[in-house]
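Engineer: What follows is a predicted structure for the sequence shown.
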Amino acid sequence: MRIARPTEGSAAGATVRQDTVLELQDVNVSLGPAAQVEALRNITLTIDAGERVALVGPNGCGKSTLLRALHGLLPIASGERRVPQASRIAMLFQRPHMLRMSVRRNLQLGLWLSGVPWAQTRGRAQQALVRVDLVHLADRNGRALSGGQQQRVALARAWALQPDVWLLDEPTASLDPHAKRDVEALIADFGDELPATGRRPPTLVLASHNLGQVKRLASRVIYLEQGRVLADLPVHDFFNQDLLEQRSPQASAFVKGETT
């Protein structure tokens with residue numbers, strides 16, 4: 001789990017509309033030695049507060065790269081990333097990193113590294129464990145947990161910091177069906193939950209291969225292929241095959257299972 005605030009290179013607060021939490025303008029990202037691989041190409045994208053956005057597309061299309069660019073983890077070769085000054089962004093990965101210490105200490109250390117005074121971390125970690133129903137495992141070594149339990153710990157670490165934006169990179173891809181249901185239910189709950197500050201519910205941006213999960217969690221779907229956005233539609237339009245075929249034959253082929 002990574003928490004981000006605006007950093008040098010982001011246009012923090014500049015020309016961002018009131019409801020916008022993330023914006024990319026003509027963004028290109030190159031990866032690899034000598035930056036010879038064009039991972040994202042001319043991405044222009046605006047995400048508003050409270051949206052639930054799913055990123056879909058075949059393997060290698062750029063979903064994970066786009067999430068990292070939105071977070072600020074990757075340098076942008078050209079274009080601009082804009083975020084509001086006070087926005088807090090949490091990113092969860094497919095396989096969360098657990099330190100060789102208790103679950104409680106994993107949470108406490110994550111909070112402390114994010115700027116929470118150490119004296120406050122134990123109480124906040126306890127609240128987070130209650131929220132994800134893992135209090136009974138608080139003293140267990142984090143690396144001894146199952147994959148689903150580790151992902152719930154990662155969700156607890158992020159929830160404890162009350163992010164405005166959740167970026168989730170295939171958070172249930174490697175889990176068994178029962179764990180997938182548990183983690184997906186938590187994500188849905190967090191998307192509906194008003195933070196303690198009384199602001200609007202957080203924004204969710206989810207990369208997923210699971211189209212059923214996309215239907216359940218998303219209000220908007222962005223389809224990527226070879227680093228480009230080829231479709232950006234409300235979820236009900238994206239799964240309307242006649243409409244999707246007109247808008248993006250490539251996305252239509254993906255939904256029909258003709259590309260992976």
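Structural biologist: Cool, got the structure. Numbering: from 1, shown residues only.

Engineer: rest of the way, CA atoms for contacts and neighbours
Structural biologist: OK.

Engineer: Now do the helix or strand hosting A125, average pLDDT.
Structural biologist: Secondary-structure element containing A125, defined by DSSP states H and E: helix 118-131. Average pLDDT, helix 118-131: 96.

Engineer: Could you pull out the helices in the chain for me?
Structural biologist: Counting by DSSP state H, one finds helices in the chain at the ranges 63-71, 103-113, 118-131, 147-159, 177-192, 211-217, 235-238, 241-247, 249-255.

Engineer: The longest one versus helix 147-159: what angle between them?
Structural biologist: Calculated by axes from the mean of the first three to the mean of the last three C-alpha atoms, to 10 degrees, helix 177-192 forms an angle of 10 degrees with helix 147-159.

Engineer: related to what we said a few turns ago, got the CA coordinates for the helix holding A125 in CSV?
Structural biologist: Below are the C-alpha coordinates for helix 118-131, written out as CSV (Å, rounded to 0.1, in the frame of the first residue of the first chain):
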residue,chain,number,x,y,z
TRP,A,118,3.7,6.7,16.9
ALA,A,119,1.6,7.1,20.1
GLN,A,120,-1.6,7.2,17.9
THR,A,121,-0.8,4.2,15.7
ARG,A,122,-1.9,1.4,18.0
GLY,A,123,-5.4,2.8,18.5
ARG,A,124,-5.8,3.5,14.8
ALA,A,125,-4.4,0.1,13.8
GLN,A,126,-6.9,-1.6,16.2
GLN,A,127,-9.8,0.4,14.6
ALA,A,128,-8.7,-0.7,11.1
LEU,A,129,-8.4,-4.4,12.1
VAL,A,130,-12.0,-4.2,13.5
ARG,A,131,-13.1,-2.7,10.2
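
Engineer: That helix packs against which elements?
Structural biologist: helix 103-113, helix 147-159 (3 or more C-alpha pairs under 8 Å, 6 or more residues apart in numbering; DSSP states H and E).

Engineer: from the ones you listed, which stretch is densest packed?
Structural biologist: Burial among the helices and strands packed on helix 118-131, expressed as mean neighbours by mean count of other C-alpha atoms under 10 Å, is greatest for helix 147-159, which shows a mean of 24.

Engineer: by how many degrees do that helix and helix 118-131 diverge?
Structural biologist: With the same axes, to 10 degrees applied, the angle from helix 147-159 to helix 118-131 works out at 130 degrees.
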